[in-house]
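# No letters, just coordinates:
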């Protein structure tokens, strides 16, 4: 099966649904995929590295890049907390003749889907339930109670938009979810 570059695989989900874990597994298993590192204006978590997990920018740096039209898409996810996709990141990956894999929130995913149209496969990773999602967020032990509640509220709204994506992947069992979506992604990448 020949896989072509110049395509985009977009993963979106509520925080805690498992999209990042799935994306990292696919990158290991499909060599023609390259991760698009998003930019954000939030603080790095203890295990995150600049340029690997995100490009961590100050709010002012982020706003300057908005003014200079350096983003394919961006949004203010929470008050003064920006996330976006740098045009330079996509150009770099495509110049390596690879396909881009995104790990973005729901609004960002839909913006990318609308931007790339037929070159994109947009996947919504859905938790089995909001209760399980909340358990996953709590088990991370990286968020305050206030942040967890904010994420649950946002997840409720995001899950209502799942049908706007090309494919809904329910992540009840990680191995089953990875195998299911790997097949879907490989088929998309191999198509003309």
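Everything's here; your move. Note that the structure is a prediction, hence the values are computed from the model and not measured.
# Every contact and neighbour count from this point should use C-alpha atoms.
Will do.
# Spit out the contact partners of residue 178.
Counting by CA atoms under 8 Å, 6 or more residues apart in numbering, residue 178 touches 22, 25-26.
# ok, of these, which one's closest to residue 111?
residue 22 (20.9 Å; CA to CA).
# if you average pLDDT over stretch 84-97, what comes out?
For stretch 84-97, mean pLDDT is 92.
# In TSV, list the contacts of residue 178 along with pLDDT and distance to residue 173.
Formatted as TSV, the contacts of residue 178 follow (pLDDT from 0 to 100; distance: CA to CA, whole Å):
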residue	pLDDT	distance to residue 173
22	96	11
25	97	14
26	97	15
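# Would you mind putting the residues you listed into JSON lines with distance to residue 168 alongside?
Listed next are those as JSON lines, based on distance: CA to CA, whole Å:
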{"residue": "22", "distance to residue 168": "13"}
{"residue": "25", "distance to residue 168": "18"}
{"residue": "26", "distance to residue 168": "16"}
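# So among the residues you listed, which ones count as buried?
Buried members of these, scored by 16 or more other CA atoms under 10 Å, are 22, 26.
# Against residue 16, how distant is residue 174?
Distance of residue 174 to residue 16, computed by CA to CA, to the nearest Å: 13 Å.
# of those two, who's got more company?
More crowded of residue 174 and residue 16, by other CA atoms under 10 Å: residue 16, with 24 against 14.
# could you say which helix or strand contains the spatially most central residue of the chain?
Nearest residue to the geometric centre of the chain (CA atoms, centre = their mean): residue 103, 1.6 Å. Element membership for residue 103 (DSSP states H and E) is strand 99-104.
# would you list every one of the helices in this structure?
19-29, 59-67, 87-95, 106-116, 130-140, 145-159, 174-190 (DSSP state H).
# Can you say which of those is packed in most?
Highest mean neighbour count among the helices of the chain (mean count of other CA atoms under 10 Å): helix 106-116, with a mean of 20.
# helices and strands around that one, which ones?
strand 8-12, strand 71-78, strand 120-126 (3 or more CA pairs under 8 Å, 6 or more residues apart in numbering; DSSP states H and E).
# hey, least reliable of those by pLDDT?
Looking at the helices and strands packed on helix 106-116, the bottom one is strand 71-78 with a mean of 88.
# got the helices of the chain as a markdown table, with distance to residue 50 columns?
Listed next are those as a markdown table, based on distance: least, CA to CA, whole Å:
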| stretch | distance to residue 50 |
| --- | --- |
| helix 19-29 | 16 |
| helix 59-67 | 14 |
| helix 87-95 | 14 |
| helix 106-116 | 20 |
| helix 130-140 | 20 |
| helix 145-159 | 22 |
| helix 174-190 | 26 |
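# which one of these lies closest to residue 37?
helix 87-95 (7.1 Å).
# Please state the offset of that closest one from the chain centre?
Here helix 87-95 is found 16 Å from its chain centre; the criterion is CA atoms, centre = their mean, to the nearest Å.
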